[in-house]
Each structure stands twice: as C-alpha cells, then as structure tokens.
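Quick one, fold the following:
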Amino acid sequence: MTRFFRNIVIALLCLAVLGQWSLFGGMALAGTMDGALEKAKAAGHLTSDQAAAIQDRLERIRIEGLPAAPFTAKIEEGLSKRVHGQAIVRALDTMRDDYAFAARNLERDGFTPDPQDVVITGDSLRLGLTRQELSEMAQVNPHATPAMLATAARTRAYLNAINFQAAMTSDIVHQGLVFATLAPEWTQLFRVVQRARAAGMADEIVAEAASRALAEGESLGALLQVLGFTGRDTRQKPDNN
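Got it, this is the predicted structure:
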C-alpha cells in the first residue's frame, strides 16, 4: 500500500472515530484516554510530564471547540506503537494547527462548520493540500457551505497527491464552488484521472470535461460516461502516479 493510500485510510479512520465521538459523547472518550495514559505511565512508556502535556493538549482542543476524537485516536495509535511521548505531543500540536486553520477558513456567514467538515479539511492539509490553496478556495464563493468547501479541500488534496497539474485543479474546483455543484462524490475525481491515465488519456481531457460537468451541474457518474468509463473502472484500486 502506497503512502498516499495509507493516508487515505487514516483519514477515513479519523472520520469513523469522529462518528463514535458523536454517538457516545466526549466525556466517555476523555475517560478512556485518562485510563490509557495512566496505563502507559505505569508501564513506563510515558513520564508524568509527558502524560500531563498530552492531557494539556486535549484540554486546549476542548476549549477551542475542535473535534477531539481524531486527537484521541492519534494518541491511542502512538501509545499502541510505543511512540515517544514528546513525539505524540508534537503530532498533536501539528494536528491542532491544521484543524484550527481549517476551522477558521470554513467559517462562513450564517454557517458554522460541522466537526466532520473540520476533520475532512484539516486532514486534507496532511494529504497534499497547502494552506494557501485552502485560503484561496475559501474566497471563491463566500456563500459556499462549509461542507462544500471541505469537499473542495479533499478533492484538491487527492489531485495534488497524484501530481495533477495545479492550474487544472484550480479551474475544476473553482467551477464547482462558483456553481455550488461540488458534491461529495467529486472527491473521487482522482480515481477518474488515474483510470484515464491508464487508458492513455491526457489529463487535459479529463480536466476540461470535469470543469464542464461541474459548470452544468452534472454528476461524477455523468463525467465517467462522457469519458467512456463506468463506475467499475474507478472502483478498482488505482496506482499512485
């Protein structure tokens, strides 16, 4: 499994844990985390200072209103792999910076970003999206919902990760945001690109067709038909190229 697809799996796991957080509540996960930290201290895998630093990060995250579940998942992963305590703290700080930046850019007039949208966007910053790209996308359509901007972030992150030309990606995402047609299914556009590449089709052809489809409010399925593909073509495991 390539690094790109390992990152995708991690992102999906974070969303799954976020659903668990919503179902059982933050207090339950917080209690579980306290127990995990105490167990790690007792086993000699964490010092008291390191455990305190981790708890301090969790408290800051709570105060700032950021989704806590992905952070607890990161801590549990680090503890299970016996990662050094300071490395866990640094990872939490990086995640916090990404999520806080994502949340600020997702804030729209009349809309408060959903925790899942913050997670999708924050994780996109680790999957290939740059902060400048996110800031620029946030200015394209001030009336776009946080969910649509999160979709744009993930779509662009995946396209960046397969080295799709930045200018073409910008045009595609711009069309989707301007016309408010960027549905969640468009995050899988990278699979269409990879299938097209395997068939010898130039990226420019896919980009032009995708931009036109979004401008006309068409679905990703309609784009597949235009390019001569089926849904099965994009469900096969793509290569990272």
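
how deep is residue 155 tucked in, by neighbour count?
By the criterion of other CB atoms under 10 Å, residue 155 has 26 neighbours. C-beta here means a position set from N, CA and C on the backbone, and glycine is covered the same way.

Which helix or which strand is home to it?
Per DSSP states H and E, residue 155 falls inside helix 146-161.

Could you check that helix and say which residues are buried?
146-161 (16 or more other CB atoms under 10 Å).

now stretch 64-72
Quick answer for stretch 64-72 (16+ other CB under 10 Å): 66, 67, 68, 69, 70, 71, 72.

Closest to residue 93 out of these?
The nearest member of the buried residues of stretch 64-72 to residue 93, counting by CB to CB, is residue 71 at 10.5 Å.

ok, the closest one - contacts?
57, 58, 61, 92, 95, 96 (CB atoms under 8 Å, 6 or more residues apart in numbering).

quick one, helices of this protein?
3-24, 26-42, 48-64, 69-80, 85-106, 115-127, 131-140, 146-161, 166-178, 189-198, 203-215, 220-227, 231-235 (DSSP state H).

Rebuild those helices as CSV, extending it with mean pLDDT.
Shown next, in CSV, are the helices of the chain (pLDDT from 0 to 100):
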stretch, mean pLDDT
helix 3-24, 46
helix 26-42, 74
helix 48-64, 94
helix 69-80, 95
helix 85-106, 96
helix 115-127, 96
helix 131-140, 96
helix 146-161, 97
helix 166-178, 98
helix 189-198, 96
helix 203-215, 98
helix 220-227, 96
helix 231-235, 63
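
hmm, back to that, could you work out the most separated pair of the contacts of residue 71?
58 and 95 (11.4 Å).

thought residue 124 was touching residue 160?
No: counting by CB atoms under 8 Å, residue 124 does not reach residue 160; the two are 9.2 Å apart.

TSV please, covering the buried residues of stretch 64-72 and showing distance to residue 209.
Formatted as TSV, these follow (distance: CB to CB, whole Å):
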residue	distance to residue 209
66	38
67	35
68	41
69	37
70	35
71	40
72	42
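
closest to residue 115 among those?
residue 67 (4.0 Å).

any idea how far the residue nearest to the closest one when sequence neighbours are not counted lies from residue 58?
Spatially, and ignoring its direct neighbours in sequence, residue 67 is nearest to residue 115 (4.0 Å; CB to CB, 6 or more residues apart in numbering). From residue 115 across to residue 58, the span is 15 Å (CB to CB, to the nearest Å).

any idea how far the residue of the chain most remote from its centre is from residue 165?
If you look at how far each residue of the chain sits from its centre, by CA atoms, centre = their mean, the farthest one is residue 42, at 34.5 Å. Note on residue 42: its distance to residue 165, by CB to CB, is 53 Å.

residues in contact with the spatially closest residue to residue 108 that is not a sequence neighbour?
Of all residues not flanking residue 108 in the chain, residue 146 sits nearest, at 5.9 Å (CB to CB, 6+ apart). Contacts here follow CB under 8 Å, 6+ apart; on that basis residue 146 touches 106, 107, 108, 111, 112, 113, 114, 117.

Now do the contacts for the last one.
Translated: residue 117. Counted by CB under 8 Å, 6+ apart, residue 117 has contacts 106, 146, 147, 149, 150.
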